[in-house]
Structure formats: structure tokens, C-alpha cells
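Colleague: no sequence for this one, just the structure:
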């Protein structure tokens with residue numbers, strides 16, 4: 001038993017440190033919505049009571065007694081916590097019970113927590129999945145982590161057990177549909193992570209406060225209200241990630257009704273076609289990720305405001321004059337690991353703001369004269385892993401604005417010394433050459449002679 005009477009301060013000799021690691025539920029599509037560590041430090045003031053247990057211990061309401069303790073982390077072999085076990089820690093604001101052996105049906109057996117804002121119950125070492133029932137109200141709870149807790153269903157006998165909950169991580173569980181989750185008890189939710197479950201159908205109606213939704217690594221085949229994922233009413237949504245599912249069809253209306261969407265990720269699906277026109281009404285969209293699909297064409301026929309477009313690992317073979325014509329705001333363009341053999345001279349004529357261009361691991365042997373004429377802001381160009389035999393197939397003028405040119409893994413046999421007059425000042429060219437002592441060499445134009 002552990003007794004911490006009122007005379008003890010928070011600066012106890014038992015491992016006091018902030019060791020809580022919350023899941024990436026606040027990170028959606030590489031966009032960080034909030035600095036979680038800052039929130040923890042503000043609450044705990046860098047002081048947390050941490051107990052690492054080597055065997056199962058029976059906790060009761062007198063095990064931990066403190067009127068000032070704010071943050072507790074208990075790790076080890078605890079299978080359950082009795083109702084009221086934390087009643088004598090009235091100022092508790094952060095409770096971390098992750099990495100124990102709590103069964104899904106016992107996750108909330110500790111009962112009412114009056115002031116807890118952050119509750120971490122992730123990574124329970126259990127071998128069976130159960131229904132999780134919430135029978136108490138958590139009036140101040142804002143962050144709830146239930147990642148990898150063996151949950152098949154999350155239900156409540158109460159109408160609203162989480163009146164202030166905003167961040168919920170339910171990833172790596174066994175949830176398969178809306179019937180597995182009581183949406184009615186989550187009216188204030190803004191960030192939801194349901195990645196790595198078994199979801200193939202789900203309706204998110206009545207979750208109109210959502211700002212971020214992650215559904216990666218599920219079994220979703222269609223994005224439509226009647227047969228797959230219903231996103232009706234998510235007008236406030238800013239970040240949506242559906243990466244690594246089995247999606248082959250997207251109902252245009254599913255996306256058109258999200259005017260505030262900023263980040264959209266459909267990577268790793270079964271898309272052979274993508275209707276870019278459905279994004280016309282989404283004026284706020286900034287980042288679009290379509291990596292690892294089967295797209296061979298990019299039919300963009302209307303202006304879009306996106307600044308980053310990623311089409312890595314598709315089947316694109318040719319870039320025409322109209323391919324990116326309507327993408328005037330692009331700053332980063334990713335086209336790595338496609339099958340691109342040729343690029344039309346005016347393919348990038350409207351990319352006047354483009355700063356980074358990734359064309360590595362394609363089948364290019366040359367870039368046409370004037371290919372970069374409009375891209376005065378281009379600073380980074382990756383052409384590694386293509387079929388270029390000569391640098392002169394890329395560099396036609398000393399006006400090329402590129403500062404970093406990656407040319408590794410090309411069949412470059414020699415470098416013509418006269419090329420030095422064309423290499424722009426301050427450009428660095430990265431090469432792989434057959435030199436026994438060095439596998440990576442580079443040419444820096446400002447250095448004078450080639451350094452290879």
C-alpha cells in the first residue's frame with residue numbers, strides 16, 4: 001500500500017517527473033492542432049507523482065491522499081481501480097493509467113473525477129475485447145486517450161458523461177460502426193481519431209463541432225452517405241484523413257459541404273480517378289495528399305487554392321500544359337515514384353509561387369528548354385533516381401533559381417567542364433559518383449571548380 005498523507009508535498013522522493021506521453025490524437029495529417037506538452041506542463045508544473053509497479057497492487061481510496069497533488073501516473077500490472085479510489089486527491093487534474101492490464105469493461109471503474117482534465121487509459125495489456133461502459137460524469141475532462149485499449153464498443157448509461165470533452169483518441173481498437181460508439185455522449189468533441197479500427201460504415205451526423213477527423217487504416221470502401229462514410233453536417237471540419245483504406249469511390253457531395261477544410265488525405269487507397277472539381281467550393285483547402293493510389297491523370301479543370309499537392313507513388317506518365325494550369329498557389333509539388341517520361345515545356349507555366357518540386361524516381365531523361373521559365377521562386381528540385389545522362393538536360397541557363405538540385409542515382413557518366421558557366425551561383429548539386437572513398441559528392445557552383 002502507498003500512503004501519501006497531507007503533510008507530504010508534491011516534491012516527493014518517489015520519481016517525480018512528467019513522463020506522460022499522450023498519443024498523437026492532437027496530430028492529424030501532420031498538422032498539430034495544439035501543443036499538448038505545453039498543456040501538461042501548465043497543469044502539472046513539471047511535477048507528477050509516478051508509480052512504476054512490478055506486481056499487482058490493490059488500490060483503495062486511502063492509498064493516495066493529498067489535497068494538492070495535480071498529476072498522477074501509475075504504470076505496471078494494475079488490473080482494476082475501485083470506485084472512489086482517487087476521492088482523496090480532490091485537486092487531481094491529470095491521471096495517466098496507461099500501460100496497465102485494465103480490461104475494457106473496467107476502464108472507468110474508478111468512478112467520478114471532479115477536476116480531471118486529462119485522462120490517459122491507452123495501451124492496456126489485455127487479450128480480449130469488450131464493451132466499455134461509462135457510468136460516471138467527468139465534468140472537466142478535455143482530453144481522453146483510449147488508444148489500444150481493446151474496446152469493441154463505447155457506451156454510456158448517461159446522456160452526457162463528458163460535457164467538456166474535445167480530444168478523443170480511439171485508435172487501434174475494434175470499433176466497426178456507429179453502433180459501436182454512442183455519438184450522443186460526445187456533443188462537444190472537436191478532435192477524433194478512429195484510425196486502425198475495423199470501420200467500413202459510419203455516420204458522423206450530429207458531430208457538427210468536429211474540427212479534425214482521422215480514419216486511417218480502416219476498411220472503408222466508399223465515401224457516401226448511404227453505403228459508406230456519412231460526413232453530413234461536418235461544416236466546421238478543417239482536417240480530414242482517410243489514408244490507407246480501400247476507397248474506390250467518393251461522392252462529390254461528401255467533400256463539397258466542408259467549406260472550412262484545410263487538409264485532406266486520401267493516401268493509400270484504390271483511387272484510379274479523382275474528381276478535383278468537387279474541391280472548387282472548398283476555398284480554404286491548403287494541403288491535398290493523394291499518394292499511393294492508381295491515378296494516371298490529374299484532371300484539374302477549375303482554380304484551386306491549394307499550396308501543397310502530393311501525388312507520390314501513382315501511375316502518372318506525362319505532364320501536359322493543362323495538368324497544373326489552375327493551381328496558381330502551389331508552393332510544394334510532390335510527384336515522386338511515378339512513371340513520368342516527359343514533361344511539356346509549359347507544364348509549370350502558372351506555378352509562379354512554387355518553391356519545392358519533387359520528381360525523383362521517375363523515368364525522365366531530360367527537361368525541355370524553358371521548363372522553369374515561370375518558376376522564379378523554385379529553390380529545391382529533386383531529380384534523383386531518373387535516367388538523366390547529362391546535367392545539360394536540366395540546366396540550360398544560369399538564370400535557374402534552384403539552390404538545391406538532387407541528381408543522385410542517375411546514369412551520369414561525366415560532367416562537361418564548360419557547364420560551369422551555366423550553373424547558377426549558390427546552386428548545390430548532389431551527385432552519386434563511382435568514387436571509392438565517398439558515396440556522396442556534390443558540385444557547388446560558387447566554389448569554382450567541380451568538387452567530385
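Modeller: Perfect, I can see it now. Computed from a prediction, not measured in an experiment: that's the story for all the values here. Numbering: from 1, shown residues only.
Colleague: Which parts of the stretch 201-350 of the chain are strands?
Modeller: Listed in chain order, the strands of the stretch 201-350 of the chain (DSSP state E, counting those that start in this stretch) span 202-203, 212-214, 222-223, 229-230, 239-241, 249-250, 263-265, 287-289, 308-310, 318-319, 332-334, 342-343.
Colleague: Could you check how far residue 164 is from residue 190?
Modeller: Look at residue 164 and residue 190: by C-beta to C-beta, to the nearest Å, they are 11 Å apart. (C-beta placed from N, C-alpha, C; glycine too.)
Colleague: how about the strands in the stretch 351-452 of the chain?
Modeller: Counting by DSSP E, counting those that start in this stretch, one finds strands in the stretch 351-452 of the chain at the ranges 356-358, 380-382, 404-406, 428-431, 441-444.
Colleague: between the ones you listed, which gets nearest to residue 81?
Modeller: Taking C-beta to C-beta, strand 356-358 is the member of the strands of the stretch 351-452 of the chain nearest to residue 81, at 50.0 Å.
Colleague: per-residue confidence averaged over that closest one?
Modeller: Regarding strand 356-358, the rounded mean pLDDT is 99.
Colleague: Direction included, what does it pair up with?
Modeller: If you go by DSSP bridges, strand 356-358 pairs up with strand 332-334 (parallel), strand 380-382 (parallel).
Colleague: Could you list the low-pLDDT ranges of the protein?
Modeller: Applying pLDDT under 70 to the chain flags residues 1-34, 433-452.
Colleague: redo that, cut-off 80
Modeller: 1-36, 54-57, 128-129, 183-184, 225-226, 417-418, 433-452 (pLDDT under 80).
Colleague: The top helix by length along the chain packs against which elements?
Modeller: Counting residues, the longest helix found in the chain (DSSP state H) is helix 36-44. Under the contact criterion of 3 or more C-beta pairs under 8 Å, 6 or more residues apart in numbering; DSSP states H and E, helix 36-44 touches strand 71-75, strand 94-96, strand 118-120.
Colleague: and the closest residue to residue 386 other than its chain neighbours, how many neighbours?
Modeller: Excluding its sequence neighbours, the residue lying closest to residue 386 (C-beta to C-beta, 6 or more residues apart in numbering) is residue 364, at 4.4 Å. The local packing of residue 364 (other C-beta atoms under 10 Å) involves 21 other residues.
Colleague: buried residues in stretch 296-314?
Modeller: For stretch 296-314, the neighbour count (16 or more other C-beta atoms under 10 Å) marks 298, 300, 304, 306, 307, 308, 309, 310, 311, 312, 313, 314 as buried.
Colleague: okay, these in a markdown table with distance to residue 277 next?
Modeller: Listed next are the buried residues of stretch 296-314 as a markdown table, based on distance: C-beta to C-beta, whole Å:
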| residue | distance to residue 277 |
| --- | --- |
| 298 | 12 |
| 300 | 8 |
| 304 | 10 |
| 306 | 14 |
| 307 | 19 |
| 308 | 19 |
| 309 | 15 |
| 310 | 19 |
| 311 | 17 |
| 312 | 22 |
| 313 | 24 |
| 314 | 19 |
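Colleague: from those, which is closest to residue 390?
Modeller: Minimum distance to residue 390 across those is 25.9 Å, recorded for residue 312 (C-beta to C-beta).
Colleague: Can you tell me how far that closest one is from residue 154?
Modeller: 35 Å.
Colleague: Over to residue 140?
Modeller: If you go by C-beta to C-beta, the gap between residue 140 and residue 154 works out to 20 Å.
Colleague: More neighbours: those two, which one.
Modeller: Higher neighbour count among residue 140 and residue 154: residue 154, with 23 against 16, using other C-beta under 10 Å.
Colleague: what kind of secondary structure is the more buried one in?
Modeller: Classification of residue 154 using DSSP: H, G, I helix; E, B strand; the rest coil returns strand.
Colleague: partner residues bridging it?
Modeller: Here residue 154 sits in beta bridges with residue 132, residue 181, going by DSSP bridges.
Colleague: Now do the contacts for it.
Modeller: Counting by C-beta atoms under 8 Å, 6 or more residues apart in numbering, residue 154 makes contact with 131, 132, 134, 146, 170, 175, 180, 181, 182.
Colleague: In CSV, list these along with distance to residue 322 and neighbour count.
Modeller: Below are the contacts of residue 154 laid out as CSV (distance: C-beta to C-beta, whole Å; neighbours: other C-beta atoms under 10 Å):
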residue, distance to residue 322, neighbour count
131, 54, 12
132, 52, 23
134, 54, 18
146, 47, 26
170, 43, 27
175, 43, 22
180, 45, 21
181, 44, 23
182, 49, 18
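Colleague: Check the gap between residue 163 and residue 108 for me.
Modeller: 16 Å.
Colleague: out of those two, which sits in the busier spot?
Modeller: residue 108 (22 against 14).
Colleague: pretty sure that one contacts residue 136?
Modeller: Yes: using C-beta atoms under 8 Å, residue 108 is in contact with residue 136, at 6.5 Å.
Colleague: Just name the most buried of the strands of the stretch 201-350 of the chain.
Modeller: strand 212-214 (a mean of 25; mean count of other C-beta atoms under 10 Å).
Colleague: That strand packs against which elements?
Modeller: When contacts are defined as 3+ C-beta pairs under 8 Å, 6+ apart, strand 212-214 packs onto strand 27-28, strand 191-193, strand 239-241.
Colleague: now for the helices and strands packed on helix 36-44, which one comes closest to residue 335?
Modeller: For those, distance to residue 335 was read as C-beta to C-beta. The smallest value, 40.2 Å, belongs to strand 118-120.
Colleague: Contacts made by the closest one with the rest, please.
Modeller: Counting contacts by C-beta under 8 Å, 6+ apart, the residues outside strand 118-120 that touch it are 20, 22, 39-40, 43, 93-98, 113, 138, 141-145.
Colleague: Nothing else from me, thank you.
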